[in-house]
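**Student:** Okay, here's the prediction I keep looking at, along with the sequence it came from:
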Amino acid sequence: MSVTVRVPAKVNVQLAVGGARPDGFHDLANVFLAVGLYDEVTATPADELRITCSGPGADQVPLDRTNLAARAALALAERHGLSAADAGVHLHIDKDIPVAGGMAGGSADAAGALLACDALWGTRASRQELLDICAELGSDVPFSLVGGAALGTGRGERLRPLDVGGDFHWVFAVADGGLSTPAVYREFDRLHEGTEVPEPVASEELLAALAKGDADALAATLTNDLQPAALSLFPSLADTLAAGRAAGALAALVSGSGPTTAFLARDAESAQVVAGALLASGSCRAARVADSPAPGATVIRRAA
Ligand SMILES: C[C@@](CO)(OP(=O)(O)O)[C@H](O)COP(=O)(O)OP(=O)(O)OC[C@H]1O[C@@H](n2ccc(N)nc2=O)[C@H](O)[C@@H]1O
Ligand SMILES: Nc1ncnc2c1ncn2[C@@H]1O[C@H](COP(=O)(O)OP(=O)(O)O)[C@@H](O)[C@H]1O
């Protein structure tokens, strides 16, 4: 018996960041949009917890208990009082989401592992229990479970689903190298030292653009408060952003904490043109086309 779950990547169409909180986290107005680049997590019974990983960047993914998918399985087993023998599982992660790219790949794997183990073990956790475990694992993990579009407040874990009135077409430029999320937030703090950082607030214009499915209006309202920090740590991203804009992207921005850059295109055809130009510019390692919104973590296969 095995269970396979497919989980999407995300782009932050608005990432408004407040000042550092006493616990070190930052309050956010984080408008998540799930995009059609997916990792797949397959859970198979095993004598003990084991992680394997395939796909681009698999060599950068930890295979021990620091892997977010392993932590998700252990958290579910502990809540349901499963013995080590009953909770033995082999989790295979087939990665397509860029690793350490600001697209929540690790969070996706955590949400996928949780859903796959819940189905494999028959623990029948409620939706709320799954969301609670997700929030313990990381700020972005609840969104990976629900997908679609949502406004994340608090540190990003408190979600309100959002309406999306049409498909949006994206290109993602995968950078050579990664950026550490904590390092980017630290750089944000450094850049704002001595200034009063305003409370993060979701943009009504942006939410209306999403609800209408209006790409031009969305392009005019995309913002990422972490972009200056990501550019400061990874200056060559400015060249990638410029190459995408020159190729006709409606808008260009750093995806979350980066270093993946995201380009909103008018339609699927324009997305292909932008992807080709980005690759030809030599300013990225790969260019991927993806549509949004995408569904959250979903069981796609059960094998006997
Ligand atoms: C920036 C964002 C945007 O969606 O994601 P990425 O672009 O990296 O994928 C998120 O805020 C990342 O969320 P996630 O990667 O789940 O972060 P966590 O594991 O919860 O926290 C990692 C570290 O990031 C910082 N952190 C995270 C969230 C937050 N609201 N404030 C923070 O300061 C803290 O330093 C924390 O120790
Ligand atoms: N299942 C996982 N997939 C990818 N990275 C993981 C995973 N579990 C832990 N990590 C660690 O988390 C870091 C952040 O990876 P990732 O979630 O892909 O990026 P981001 O936080 O920028 O979206 C990686 O450098 C890696 O060390």
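**Tutor:** Yes, it's here. Numbers count the residues shown, from 1 in each chain. Ligands and ions are numbered 1, 2, ... in the order given.
**Student:** Spit out the contact partners of residue 141.
**Tutor:** Residues in contact with residue 141, defined by Cβ atoms under 8 Å, 6 or more residues apart in numbering, are 68, 72, 107, 110, 111, 134, 135, 157. Heads up, the C-betas are built off the backbone N, CA and C, glycines and all.
**Student:** Out of these, which comes closest to residue 83?
**Tutor:** Distance to residue 83 across the contacts of residue 141 (Cβ to Cβ) is lowest for residue 72, with 18.1 Å.
**Student:** helices or strands up against whichever strand or helix holds that closest one?
**Tutor:** For residue 72, the host element (DSSP states H and E) is helix 68-79. The helices and strands touching helix 68-79, judged by 3 or more Cβ pairs under 8 Å, 6 or more residues apart in numbering; DSSP states H and E, are strand 89-94, helix 105-121, helix 127-137.
**Student:** still on that earlier bit, turn the contacts of residue 141 into CSV, columns for neighbour count.
**Tutor:** Below are the contacts of residue 141 laid out as CSV (neighbours: other Cβ atoms under 10 Å):
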residue, neighbour count
68, 23
72, 30
107, 27
110, 31
111, 34
134, 27
135, 19
157, 22
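**Student:** most tightly surrounded among the helices and strands packed on helix 68-79?
**Tutor:** helix 105-121 (a mean of 28; mean count of other Cβ atoms under 10 Å).
**Student:** Not counting sequence-adjacent ones, nearest residue to whichever residue of the stretch 51-200 of the chain sits closest to ligand 2?
**Tutor:** Nearest to ligand 2, among the residues of the stretch 51-200 of the chain, is residue 106, at 2.8 Å (Cβ to the nearest ligand atom). Closest residue to residue 106 apart from its sequence neighbours, by Cβ to Cβ, 6 or more residues apart in numbering: residue 68 at 4.4 Å.
**Student:** try residue 232
**Tutor:** In space, residue 232 is closest to residue 187, 5.6 Å off (Cβ to Cβ, 6+ apart).
**Student:** got the contact list for that neighbour?
**Tutor:** 229, 230, 232, 233.
**Student:** for these, which one is nearest residue 208?
**Tutor:** For the contacts of residue 187, the nearest to residue 208 is residue 230 (26.9 Å; Cβ to Cβ).
**Student:** Does the residue nearest to residue 106 touch residue 136 like I think?
**Tutor:** No. Taking Cβ atoms under 8 Å as the definition, residue 68 is not a contact partner of residue 136, at 11.2 Å.
**Student:** what's the domain layout of this protein?
**Tutor:** As given by automatic domain parsing, the domain ranges for the chain are 2-162, 168-292.
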